[in-house]
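Trainee: Provided below are the primary sequence and the corresponding predicted coordinates.
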Amino acid sequence: MEAKTIPVTVLSGTLGAGKTTTLNHVLRESGDRDLAVLVNDMGEVNVDADLVAESSDISAEEEELVELSNGCICCELRGDLLDAIGELTRDREFDGIVVESTGVAEPLPVAQTLTLGFDQSDLDPTEFYEETGIEPLENCHLDTTVTVVDAHQFHEAMQSDEILDDDGTKKHLGDLLVEQVEFCDVLLLNKCDLVDEATLVEIEATLETLQPRAEIVRTTHGRIDVDEIVDTGRFDFEDASRSAGWIQELQEPHESAEEEHGVTSFVFEARRPFHPERFADFLDSFPDDVVRSKGHFWLAGREEMALMFNVAGQSIRVAPAGNWIATLPPEEREAQFEAHPELEETWDDEWGDRGTRLVVIGTEMDHESIRNHFELCLLTDEEMDADWGAFEDRFPTFEQPPDAADDELDDPESNGQEEIGIAD
Ligand SMILES: Nc1nc2c(ncn2[C@@H]2O[C@H](COP(=O)(O)OP(=O)(O)OP(=O)(O)O)[C@@H](O)[C@H]2O)c(=O)[nH]1
């Protein structure tokens, strides 16, 4: 039998959602469990850690409380995070470790760091160990990822055009919130005392659509049963990476017109490209009732590369999604056909795999009107025969391979969003 390893819980959530409050509650209610806490605090003042220490009788000498400051555990402090857990657990057996991320941290890279660091994933960790200089930790496992959502601020956050700065990486608040919701095992819908029942039900419906796999628990002042988030055995990297509603919807599309509480979704598909000017104009006034949209699209004049469409609240991002299979050399194309036999069915004699497939999730959306808007952006028969290079194209140009472009694209100021006229 495998030895039991220490379960690690990661708490994420936007600024002020109630992470620290939840952590304090968990420490107070931890009973016989011996818990260690690791708090990632950006900047000079580490208020969170003080609070934790105060309310949980943890003394610094016991070294059960570790602060990681001046950086973010989803970026430059990834190695430090593992070092700190290694230090903590070198001579001591804990019943659990709770990591509180900063309000700007993305859960996926943190989970990736931990699964690699705990040698718990199928990914090849060699490069990671070389880069961070750490040794794999065999005495821990990533057990539960928890996202705390502020019920009171949810709608405001989704509609906000506030830009957050995570150590140089700029992101819309809605974008971060959606990422945190889409990647977790447990969603704590906190601050339920500040919101009426109808609003809570509506937020729950949205959360369920964005993240069908997670357990959603309503809380006030983070009062959660400790067993719901410590040592639950819920985390699985592959499942968590594939659990977002938009991914599931793309895999098994269904037009959900009468979902609960006005939250519905549909998949838009087309085998003609979008007219770059009309599509950019549409994005300039993109409907507010779309909460989330994601997928790839074909833009006329960009026959080499598929583009990724990524809407979360007020954030609209476009990024490279890789070359069309039709552009690959014959042997690579063959390999793709072997790996994805379903390609045969949809392959177009002239255009190969080029096309558009987007999931649209929203509240009280008018499906027909949004579909029509997308349809109107497609090239007409006449335009199909025109010179596509002559169309006005305000979308950013992507010359780098997708991997290299990714970081830069996270920055709304550098990814050309202004160029494509994002709606305020
Ligand atoms: N009314 C109400 N207030 C809450 C609730 N949960 C937390 N708060 C308050 O919300 C504020 C922020 O809570 P924190 O726990 O510090 O939030 P956080 O997510 O740790 O915040 P950062 O560390 O700044 O990201 C505090 O004043 C809490 O007392 C709740 O359920 N209801």
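Mentor: Yep, it's here.

Trainee: need the next SSE after the strand or helix carrying residue 146, C-terminal direction.
Mentor: In the assignment (DSSP states H and E), residue 146 maps to strand 140-150. Once the chain leaves strand 140-150, the next helix or strand it forms, by DSSP H and E, is helix 154-159.

Trainee: residues near the closest residue to residue 298 other than its chain neighbours, how many?
Mentor: Nearest in space to residue 298, with sequence neighbours left out and distances taken as C-beta to C-beta, 6 or more residues apart in numbering, is residue 273 at 4.3 Å. (C-beta placed from N, C-alpha, C; glycine too.) Using other C-beta atoms under 10 Å, the number of residues around residue 273 comes to 25.

Trainee: does stretch 177-192 come close to the ligand?
Mentor: Yes - using C-beta under 6 Å from any ligand atom, we find that stretch 177-192 touches the ligand at 190, 191.

Trainee: ends of that stretch, what's the gap?
Mentor: Distance between the two ends of stretch 177-192: 17 Å, counting by C-alpha to C-alpha, to the nearest Å.

Trainee: now do stretch 293-312
Mentor: End-to-end for stretch 293-312, by C-alpha to C-alpha: 7 Å.

Trainee: and stretch 231-246, by the same measure?
Mentor: Distance across stretch 231-246, first residue to last, is 28 Å (C-alpha to C-alpha).

Trainee: now do the buried residues in it.
Mentor: By 16 or more other C-beta atoms under 10 Å, the buried positions in stretch 231-246 come out as 231, 232, 234, 235, 236, 237, 240, 243, 244, 245, 246.

Trainee: can you check stretch 88-107 too?
Mentor: Within stretch 88-107, the residues that count as buried by 16+ other C-beta under 10 Å are 88-89, 94-107.

Trainee: out of these, which are inside strands?
Mentor: If you go by DSSP state E, the buried residues of stretch 88-107 have 96, 97, 98, 99, 100 in strands.

Trainee: mind putting these into JSON lines with pLDDT?
Mentor: Shown next, in JSON lines, are those (pLDDT from 0 to 100):
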{"residue": "96", "pLDDT": "92"}
{"residue": "97", "pLDDT": "92"}
{"residue": "98", "pLDDT": "93"}
{"residue": "99", "pLDDT": "92"}
{"residue": "100", "pLDDT": "91"}
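
Trainee: hang on, the earlier thing: thought the residue nearest to residue 298 was touching residue 306?
Mentor: No - counting by C-beta atoms under 8 Å, residue 273 stays clear of residue 306, with 10.7 Å between them.

Trainee: any common contacting residues for those two?
Mentor: Listed contacts common to residue 273 and residue 306 are 298, 354; contacts here mean C-beta atoms under 8 Å, 6 or more residues apart in numbering.

Trainee: burial measure for residue 23, as a count.
Mentor: Counted with other C-beta under 10 Å, residues neighbouring residue 23 total 26.

Trainee: separation between the closest residue to it other than its chain neighbours and the ligand?
Mentor: Sequence neighbours aside, residue 100 is the residue nearest to residue 23 in space, at 5.4 Å (criterion: C-beta to C-beta, 6+ apart). Remark: distance between residue 100 and the ligand (C-beta to the nearest ligand atom, to the nearest Å) = 7 Å.

Trainee: helices of the stretch 51-200 of the chain, start to end?
Mentor: Secondary structure of the stretch 51-200 of the chain (DSSP state H, counting those that start in this stretch): helices at 78-89, 107-117, 126-132, 154-159, 173-182, 197-210.

Trainee: give the contact list for the spatially closest residue to residue 18 that is not a sequence neighbour.
Mentor: Leaving aside its sequence neighbours, residue 18 sits nearest to residue 190 (C-beta to C-beta, 6+ apart; 4.0 Å). Neighbour list for residue 190: 13, 17-18, 21-22, 148-151, 219-222 [criterion: C-beta under 8 Å, 6+ apart].

Trainee: so how far is stretch 380-399 from its chain's centroid?
Mentor: 31 Å (C-alpha atoms, centre = their mean, to the nearest Å).

Trainee: swap that for stretch 236-246, sorry
Mentor: Stretch 236-246 has its C-alpha centroid displaced from the chain centroid by 10 Å (C-alpha atoms, centre = their mean).

Trainee: quickly list what residue 141 is bridged to.
Mentor: Per DSSP bridges, the residues bridged to residue 141 are residue 7.

Trainee: ok, it - contacts?
Mentor: Residues in contact with residue 141 (C-beta under 8 Å, 6+ apart) are 5, 6, 7, 8, 118, 120, 235.

Trainee: try 10 Å this time
Mentor: Residues near residue 141 by C-beta atoms under 10 Å, 6 or more residues apart in numbering: 4, 5, 6, 7, 8, 114, 115, 118, 119, 120, 233, 235.

Trainee: nearest residue to the fifth one other than its sequence neighbours?
Mentor: Of all residues not flanking residue 8 in the chain, residue 97 sits nearest, at 4.7 Å (C-beta to C-beta, 6+ apart).

Trainee: doesn't residue 86 make contact with the one you found?
Mentor: No - using C-beta atoms under 10 Å, residue 97 is not in contact with residue 86, being 11.2 Å away.

Trainee: what residues does the protein have near the ligand?
Mentor: Applying C-beta under 6 Å from any ligand atom, one finds that the chain approaches the ligand through 13, 15-21, 48, 103, 190-191, 193-194, 220-222.

Trainee: what about those residues, which are in strands?
Mentor: If you go by DSSP E, those have 13, 190 in strands.

Trainee: so what's residue 148 bridging to?
Mentor: On the basis of DSSP bridges, residue 148 is bridged to residue 13, residue 188.

Trainee: just to be sure, residue 278 is in a helix?
Mentor: Yes - counting by DSSP: H, G, I helix; E, B strand; the rest coil, one finds residue 278 located in a helix.

Trainee: so who does the residue sitting nearest the centre point of the chain touch?
Mentor: With distances taken as C-alpha atoms, centre = their mean, residue 179 lies nearest the centre of the chain, 2.4 Å away. Shown in contact with residue 179 (C-beta under 10 Å, 6+ apart): 12, 105, 106, 107, 108, 147, 171, 244, 312.
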